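> any chance you could fold what I've pasted below:
(5 chains)
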Amino acid sequence: MSGTPLLEVSDLVVHYPAGKGKVVHAVEGVSFSVNAGELVALVGESGCGKTTTAQSVMRMVHSTAGTIRVDGRDITNLSAGELRPLRREMQIIFQDPYESLDPRFKVRDTVAEPLEIHGVPREERDARVHDALVRAGLTPPKLYLDRFPHELSGGQRQRVAIAAALALEPKLLLADEPVSMLDVSIRAGILGLLDEQRRAGLGILMITHDLSTAAHYADRICVMYLGRIVEEGPAKEVVRNPQHPYTRALVSVVPKRDPRLTTQPQILKGETPNPVAVPSGCRFHPRCPVAQAQCRTDDPPLSTARDAREAGHRSACLFT
Amino acid sequence: MSGAPVISVEDLHVWFDLADGGELHAVRGISFDLHPGERLGLVGESGCGKTTAILALMGLLPASASVRGRVLLEGSEIMAGGEDTISPHRWKDVAMVFQGAMNAFNPVQRVGKQIAEAMELHGTATGRSARLRVAELLELVGIAGERQDRFPHEFSGGMRQRAAIAMALACDPKVLLADEPTTALDVMVQAQILELLVSLTRDLGLALILITHDLPLIAQVCDRAAVMYAGEIAEIGTVHDLYADPRHPYTRLLFAATPDIYGDDLVVSIPGSPPRLDHEPVGCPFRPRCDAFLERCDTVAPRFRTVAPGRSVTCHNGDPA
Amino acid sequence: MRRVLVVLGVAVTCTVLTACGGGSATTPTTSSGSTSPGPVAVKEGGILRIGTGNYIDSFNPWNWIESQSGMAMYEIYPALVQYDHDFKFVPDWAQTWETSADGLTWTFHLQSGGQWSDGKPLTADDAAWTINTSVKYKDDATANAAVNVGHVVSAAAPDANTLVITYDKPSATVLGGLGEMPILPRHVWEPLDTDGKGSGLKKYRPELHMPMVTAGAFTIAKYEKKGTTVFKADPNFYGPKAHAQAVALTFYTNPNAMIADLKAGKLDYLDQVPFKAVKAVSAMPNVTVDKSAGAEFTDVTWNSNPKKKKHRELLDPAVKKALAMGIDRQRIIDVVFEGNASLVDSVVGHVAGYFENTNLVPTRFDIAAGNAALDGLGYTRGADGSRVVPASATEAAHPMAYDVMIPTSLDYDGDRTFQIIKDGWAQMGVKVTQVSGGDSTAGYAYETGDNCDATKGTGYEKFDIALWDWVPYPDPDQQLSYMTKAQWCSWNDTGYDNPAYDALYDQQSTTIDRTARKVIVDQMQQMLFDAQIYTVIANEVALSAHSNAWVGIDQKVDAYSKTYLAAPHEA
Amino acid sequence: MGRYAAKRIGFALITVLVAITLNFVLFRALPGDAVSALRCKACTAAFRAAQRHDLGLDRPLVTQYGLYLKGIASGDLGSSLRTEAPVRGAIWEAIKNTVPMVTLGTVFSIVFGIIAGVISAWRRGTFVDKITQQTALAFYSMPTQWLALLIVLFVAGAVGLPTSGLADPSIDILGDASTWSILVDRFQHMVLPSLTLGLVLYGDYSLIVRSAMLETLGEDYVLTARAKGLSSWRIVWRHGLRNALLPIVTLVALSLGFVIGGTYTIEFIFSYPGIGYATVEAIDQRDYPILQGIFLLVTFSVIGFNLIADLLYPKLDPRVVSS
Amino acid sequence: MKRRGPVLQAVLGEWQSRIGLAILFVTLIAAVFGQLLEPYGIDQQVGGTLDPPSSAHWLGTDGGGVDLVTLLIAGARVSLIVGFAGAAVAMVIGGLVGVLSGFFGGKTDAALMRVTDYFLVLPDVPLLIIVAAIWGRSLQNIVLIIGLIYWTSTARLIRAQVKSVRERVYVRRAQALGASNTRLIFRHIVPQIAPLLIANTVLMVAQAIFLETFITFLGLGDPSAISWGKLIENSFKDDAVLNGAWWAVVPPGLAVTIVILACTLVGQSMEDALNPRLRVGHLSVRRFRVRPALRERDGA
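Numbering: from 1, shown residues only, chains lettered A, B, ... in the order given. Take a look at the predicted model:
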């Protein structure tokens, strides 16, 4: 894991107007990187800014501040035209496989579309579509080429979406909740497929709210709360040795498969505050079970956690 | 489980008329008992008939449906007369929290009024006493009583779900049916709601049927679970037994397909997809996806048999017959 | 004066300034069930209920538009003279009158004893004031009545019953003008003339100040502009008293509704029956349809502006005469008018009677002759059968294809008339397209153009052909004036500009001798006919209907005299 | 709520201003001006010029616009070119006949439209639904003027109601009829035109209500209401119609503004001298000030009804204010 | 494997829309091959005025003595042309405004929608009268007027649809791939809203035919075009009611009603098929059935 990271996000800030002169602080100073052959999971509850972060990386929303580098190149302020060739490098798959395919496109057309957009010659396309389908586990491809999305199962659809994303042989893949809409029984297949691509050298940024999935498949986990990364580190380390009080609570309430493992869930009161009115100091302090007076005023930076057992385990808490 | 069950379901079937004249056999003969204070989980993939079964218990099936089977509520049969025999018990004895409770409230009426509506209708409380009772219920689910004069859109998702639970409790039901009550919610709010449901069964002696596709959730909340597949109960038993000693390959595979936050084991998916139910399946419906099938699975449908007290399974494996 | 101002096919009997009806004594085509009131015993009282498609918009003689207003003012204000049954002038308020030898001074001897409805006496002073005021502001506030006091220098009232009017030229139209001049109560109106421009007079709305001060056969008991107006017989009237106790005049927006009410016995009299309804109304029991030669005639109007730029071939009378042969007038009369019209070829219409030039013979429908004539003119047919006008000094060669403007406000079916004309012309290789100004005034603007200016000689450029109608007066003076240059951009709708004609017009208007005047008038009609500035199609029959419970309704004179409402009585 | 109302009113005011301006522009776009259409004995070029000067037509457009705005602000819509009577009075004369007739027809259509639509949606798929819906569709499909003609041709005689005018021409000629009999007579004359209007709108409204109700009845809270044990009746009125009212109110408000302009054919066939008739008459006579006045009136009523609907909305739907 | 969308299925499957299609088809045939079917000429006087129906003239004659069957067939042609062309104009303007507004959002949207709002409050009858007065009476002007009056509702409908489709994940995915706006609009969005656009057009055809009769009745129609509206107007002008000539009054209006009804049936069933919210109904007079219990258990 040396050299230039595939994706490097530093101090990303995204604000939206919320009407009446108010501002949604969707993302507030987020930094992380993804290397080739690495799967990084952005984990958090809805409204924490993880999807906005991913969308800014794809330049689907405009960032307010900060830089986004892909393969060392700053893409933050590129125009749509300048960006187009770079889009070959990074692809995205979405949460809803029912929605992410144009119902009027056959599998062939869906997978060929990125090739078409990026000017891959017509005669090459068939072969590349074929390859992409094989890589996505849709074999034999000819069984699927002429089907419409409604003729496919949810898992197959997500595989088509992945095939389309892989067709251009990108270096970076963003996966926005890739399995949350799928039945449990087939999730592992899709995640396994992503894992395979990662091992083949693809860098993957996965957005998820499911800590169990993240723990299982990610190399590193970034836990987000209200527009910030509050904890970051190797996946297993973060889950088994959470440092930030928010991560601790989160891990404690994830239902465990084993009914005998009934740890006392540490349930936080209330709900995540509105990102329009971000609390002062540590943004977690109003809900934090261990908050102290200092937390109201001081906004802790992400720094190496005190009880970290592995390198790169950082947490944004004054007291851990 | 000791004592008389509060509700027993015997060989419940549900069919839907299809537009092309055919029939969809959505629930194919399920049976289970539920005791007071007990929490039963109903788990399975989408389309396995969980929700249909619950709607049948509530008598809320659409006109295109037909049912067969017996539902005994505290020993008396309520299914025979269809909606007419069920409706007197609705909300009074059996209440329900719907999937996506966000939409369970009429957006143009105040929350309190909608909760009170059922009380007034069933004569439990009216006017001032209804208001007091509503406040009480809201407090019970963790919402300040004076918020009953708010409109649904002024509540957050979690609060609306709590209010929906309060609404379900309005007439002191004996059984609470909760259909994916936490699907759209964040994990923290989910934990809050689950804790609430658990405490309600504990404190009020309410029997709960919790429908979900999330196996760990059942494992954490319920006493017993029924794993449904293709409109049948594949296996029913205590959550401990199901986890530790699954008798049905589907149960076992389902656990294997579910990642655990601390688990290191390989997560695998179950190949294939559930059968369509617009034609009666031949043999065992799980046969195409099964990793432990027998020869007869192709032709003979396994029966739902009791293998241990409180433990039944629909599988040829281990069936001497 | 006119182009019928009507709304969407609803016909009016008469238009601006009460003309129409009537007809020459020589061409009665009537099957009238009523007779003129004789000395037989008359039943007094009762309410005569009239249905009309034209409403009373004003009781101010200096500011009114709808023809019904003109008629209403006859009934409520005094007038010096009126027409009799043969369109001769007979006494009204003036019992006798004489003219000075030079023809410049007219003295009227008025009937005494008249009084206004507010009790004030009616005297010659009222008449003198009305006439003098009309003269005083004739270019502005009282322009509406200017034509009635043409050439008047002043009027004076040497005593209560004598009126003396002085003219600057001898005039052939003195009585015609004065007969249409309602006399107003000076004591009511004079105080309104405050600004020296007469604008107060023009703005005054007597109907808004009930009870109105009147001195006619009737007073107004109730006025609803588009509802019912009630005329109540005035017992103090100086002339023959009305027989009916009251007359109710109800406005209808469509004739069907009116006829339905007649059938239901809610009306006694309809002042106009649409052509298409004659059959149905005739079939009603106890209802008589009255037919008399009407004033209105319909015509093809040709743009005759000598300076027009396009389609100058249409200035050639020979072309127009050839095209006139392609108009199947009899079919138009049969289909459009259901037979209730007669052929006519003079622009003064049958109503002019004595003054109609009967030597003019309507052009016969003859496609073959028309074709031969066009062939002879060198307008040969092209490959597709349509005729082509060869190139000339000012215009390139072009097919004979023209737009015909049809106003929607005709009281007969203009679309169908057009269809018949189009049908005939198509057989002659001439293509016409119907256009519509949408309404009469828009159509008028279409004809004259917005840049119309008589002094600069601009205007009359847009249109080639229009289909329209006129409702002339019994006296031909006004009708003949419409073709003069003086009427450019006003009532002249053809752009005709002929100094010789204008000179003849001036000559006839000061020729007091009837026979001598007819010679000139005949000559003018011939001149217009030869130039074909109009191709007259048909003279309508005036149609009205009344319940047999009433007699004494005589629509021939209805619009010209007080007898219209005063004479009818219950049978 | 205050903020919301202020916003809606503000928008309505801007719309009014735009409408007023458009009105000005539109009428200046018509071929010819008011004076070029004048025809009279004395309409010489000099007279026309004087007339143009009097009306301010010879001034720059901006000045004319200013004068026009000033006039409207002071409630002065000008005078009819033809009769020189104030436009306000002329319009009032027409509108006072139209409004009662339209009101009767509209009330009829709303009441029966809602009842039919609700029953139809409730009994979806049944015979009653089909009959109701097809009838509504049929009325919705009929050209208004044709329906009016049919009513005159086939219905009027059978029911013995008058087909023409505002009032019986023979009533109260001598001022001797009682107020009551005059009112009865007026009402009788109103029935058939109102019925025609009502039937056409009925078709429209009941279809709108039906589909709004159907959408509402598919909502989850209706299922919840059923689960709570509410009677169908109560669900339909308390939960169904209450929510379906939202789209209905908007559509009805929008259509109400147009109804006034749309009564023309009815007024014409039933010889009912109202605003529709006045409009066409004004066009026929090129009476621009009257046309402008009518145009403004109808536009204002559309804007007004929309504003009423907008202001009613928060009462019907509490979500409106907060979003 | 041929795909049959829910829309096509609804249109071909339901009896209402089948009847509607059949009516439209017959009318279309009459309009296209009308001249072959017309027994007489449309200007040809074949009898007296307002003659009652006879064996030679099944629907009698009109006020000009022209055979009414002939006129009715000729009217189909003009009415359908006006209907379809008017609807097409409305669709093109409204579709364009709706797509631009919905797709680009922001200022474009705000500006376009403001304009639409203003157009929406303009009273249509006076407007069409004024416009007709400016432009004159001709068939193509009527088509334009119809388009001018009806484009607003289309624009709003399309805008709403485009807005929602634009947010659909597959559109955003294509966008993330670097697809140009043109591609997004024409490859992804327009095909998706096409069924609704077609349904709306069909309904609009009905509206246009309706409006044509209205305009014609106001005397603003093309005077030389024989449309059904013109026939209704003629029957009124010819005092057919007064003469008891129902045969001149009833058929043209009935033809309009039937065609509008047909369009509405087809259009509505398409719209209904496109509206998933209508498919669910939680309130029904009918209820689910209870099947009798089996005598014996299946002894499997």
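
> which parts of the stretch 51-200 of chain B sit against chain D?
B:58, B:60, B:87, B:90-92, B:95-96, B:98, B:100, B:103-109, B:114, B:117-118, B:121-122, B:151, B:153-154, B:167, B:170 (Cβ under 8 Å from any Cβ of the partner chain). Just so you know, the C-beta spots here come from the backbone N, C-alpha and C atoms, and that holds for glycine as well.

> same question, the stretch 451-571 of chain C
Going by Cβ under 8 Å from any Cβ, the residues of the stretch 451-571 of chain C near chain D are C:452-455, C:489-491.

> same question, the stretch 151-300 of chain C
Contacts of the stretch 151-300 of chain C with chain D, taken as Cβ under 8 Å from any Cβ, map to C:202-203, C:205, C:221-222, C:225-228, C:230, C:245-246, C:248, C:250-254, C:256-258, C:260-261, C:264, C:266-267.

> pull out the buried residues from the residues of the stretch 51-200 of chain B next to chain D.
Among those, those buried by neighbour count (16 or more other Cβ atoms under 10 Å in any protein chain shown) are B:58, B:60, B:87, B:90-92, B:95-96, B:98, B:100, B:103-109, B:114, B:117-118, B:121-122, B:151, B:153, B:167, B:170.

> show me what contacts the residue of chain A found nearest chain C?
Among all residues of chain A, A:Arg104 sits closest to chain C, at 47.3 Å; criterion: Cβ to the nearest Cβ. The contact partners of A:Arg104, taken as Cβ atoms under 8 Å, 6 or more residues apart in numbering or on different chains, are A:148, E:191-192.

> can I get stretch C:169-186 in PDB, CA atoms only?
Extracted in PDB, the C-alpha atoms of stretch C:169-186 (Å, rounded to 0.1, in the frame of the first residue of the first chain):
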ATOM      1  CA  LYS C 169     -78.600  76.100 -49.600                       C
ATOM      2  CA  PRO C 170     -81.800  74.700 -50.900                       C
ATOM      3  CA  SER C 171     -81.900  71.000 -49.800                       C
ATOM      4  CA  ALA C 172     -83.800  68.000 -51.100                       C
ATOM      5  CA  THR C 173     -83.500  66.300 -47.800                       C
ATOM      6  CA  VAL C 174     -85.000  68.700 -45.300                       C
ATOM      7  CA  LEU C 175     -88.000  66.700 -44.200                       C
ATOM      8  CA  GLY C 176     -86.100  63.400 -44.300                       C
ATOM      9  CA  GLY C 177     -83.600  64.900 -41.900                       C
ATOM     10  CA  LEU C 178     -86.000  66.600 -39.600                       C
ATOM     11  CA  GLY C 179     -88.300  63.600 -39.500                       C
ATOM     12  CA  GLU C 180     -85.500  61.600 -37.900                       C
ATOM     13  CA  MET C 181     -84.600  64.400 -35.400                       C
ATOM     14  CA  PRO C 182     -86.100  63.700 -32.000                       C
ATOM     15  CA  ILE C 183     -86.900  67.000 -30.100                       C
ATOM     16  CA  LEU C 184     -85.500  67.100 -26.600                       C
ATOM     17  CA  PRO C 185     -86.800  68.900 -23.500                       C
ATOM     18  CA  ARG C 186     -84.600  72.000 -23.300                       C
END
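
> buried residues in that stretch?
C:170-186.

> just those that are near chain E?
Of those, not one also sits near chain E (Cβ under 8 Å from any Cβ).

> buried ones in the lengthiest helix in chain E?
In chain E, with assignment by DSSP state H, the single longest helix is helix E:68-104. Within helix E:68-104, the residues that qualify as buried are E:68-91, E:93-95, E:97-103, counting by 16+ other Cβ under 10 Å.

> re the thing from before, so which of the buried ones among the residues of the stretch 51-200 of chain B next to chain D belong to helices?
B:58, B:114, B:117-118, B:121-122, B:167.

> which of these lies closest to D:Ala90?
B:Gln114 (53.8 Å; Cβ to Cβ).

> check contacts around the closest one.
B:105-106, B:167, D:221 are the contacts of B:Gln114 under Cβ under 8 Å, 6+ apart.

> apply 7 Å and report the result again.
Listed by Cβ atoms under 7 Å, 6 or more residues apart in numbering or on different chains, the contact set of B:Gln114 reads B:105-106, B:167.

> Serialize those residues to a markdown table and add fields for distance to B:Leu34 and pLDDT.
Shown next, in a markdown table, are the contacts of B:Gln114 (distance: Cβ to Cβ, whole Å; pLDDT from 0 to 100):
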| residue | distance to B:Leu34 | pLDDT |
| --- | --- | --- |
| B:Phe105 | 27 | 89 |
| B:Asn106 | 30 | 89 |
| B:Met167 | 21 | 92 |
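
> excluding covalently adjacent residues, which one is nearest to the residue in chain E positioned nearest to chain D?
For chain E and chain D, the shortest gap (Cβ to the nearest Cβ) falls at E:Gly253, measuring 3.2 Å. In space, and not counting its chain neighbours, E:Gly253 is closest to D:Trp146: 3.2 Å by Cβ to Cβ, 6 or more residues apart in numbering or on different chains.

> count the neighbours of that neighbour for me.
By other Cβ atoms under 10 Å in any protein chain shown, 27 other residues sit near D:Trp146.

> tell me where the stretch 201-320 of chain A is predicted with low confidence.
For the stretch 201-320 of chain A, the stretches flagged by pLDDT under 70 are A:262-263.

> now, which of the residues of the stretch 451-571 of chain C next to chain D sits nearest chain E?
Taking those together and measuring to chain E by Cβ to the nearest Cβ, the closest member is C:Cys452, at 19.2 Å.

> would you mark the buried spots in stretch C:395-409?
The neighbour-count check on stretch C:395-409 (16+ other Cβ under 10 Å) flags C:399-409 as buried.

> err, stretch D:117-125, not the other one
Of the residues in stretch D:117-125, D:117-124 count as buried by neighbour count, 16+ other Cβ under 10 Å.
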